[in-house]
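K.L.:
Here is a sequence together with a model predicted from it:
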Amino acid sequence: MPRPAATKRSTCPVACTLDLVGDRWTLLVVRDLACGKCQFKELAASPERIATNILSDRLRKLVAAGLAETFPTPGAPTRAAYRLTARGRSLGPIVASIAVWGRAHIRGTHIRLHPRF
């Protein structure tokens with residue numbers, strides 16, 4: 001996830017973006033948040049079966065990077081829920097492009113969720 005500015009491995013914007021969201025799970029969490037999932041248990045129930053410790057880590061890093069934020073869960077104010085910030089929603093074209101490419105080039109895929117960026 002994000003590296004402190006002093007430890008960037010490169011000044012290349014592609015490399016820096018991949019450092020932020022290029023691991024195996026982060027864009028899937030962004031996808032699910034964009035599709036309306038906001039509670040930890042909803043995010044953990046995604047078909048890719050992300051481990052809860054990894055999900056916790058990715059949510060923490062998304063919040064720290066300003067891509068997501070927490071808010072009180074309606075009906076359970078002591079429990080946090082998550083949503084994308086404007087900065088996180090700006091990843092929409094990237095996620096959509098990956099989905100379209102995958103649908104066109106990887107046999108057996110289909111777009112099952114429709115993000116609201």
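P.N.:
That came in fine, so what should we check first?
K.L.:
Can you get me a residue count around residue 32?
P.N.:
Applying other CB atoms under 10 Å, we find 22 residues neighbouring residue 32. C-beta coordinates here come from the backbone N, C-alpha and C atoms, glycine included.
K.L.:
Which elements pack onto the lowest-mean-pLDDT helix or strand in the chain?
P.N.:
Taking mean pLDDT, DSSP states H and E as the measure, the helices and strands of the chain show their lowest mean at strand 76-84, namely a mean of 89. Packing contacts for strand 76-84, counted by 3 or more CB pairs under 8 Å, 6 or more residues apart in numbering; DSSP states H and E, involve helix 26-34, helix 40-44, helix 52-64, strand 68-73.
K.L.:
Buried ones in that strand, by neighbour count?
P.N.:
80, 81, 82, 84 (16 or more other CB atoms under 10 Å).
K.L.:
Closest to residue 38 out of these?
P.N.:
For the buried residues of strand 76-84, the minimum distance to residue 38 (CB to CB) is 4.2 Å, reached by residue 81.
K.L.:
quick one: low-confidence ranges for this protein?
P.N.:
Confidence mapping of the chain against pLDDT under 70 gives the ranges 1-6.
K.L.:
Grab the most central residue of it for me.
P.N.:
For the chain, the residue lying nearest the average C-alpha position, counting by CA atoms, centre = their mean, turns out to be residue 30 (2.2 Å).
K.L.:
nearest spatial neighbour of it, skipping sequence neighbours?
P.N.:
Here the nearest residue to residue 30 in space, its sequence neighbours aside, is residue 91; by CB to CB, 6 or more residues apart in numbering that works out to 5.5 Å.
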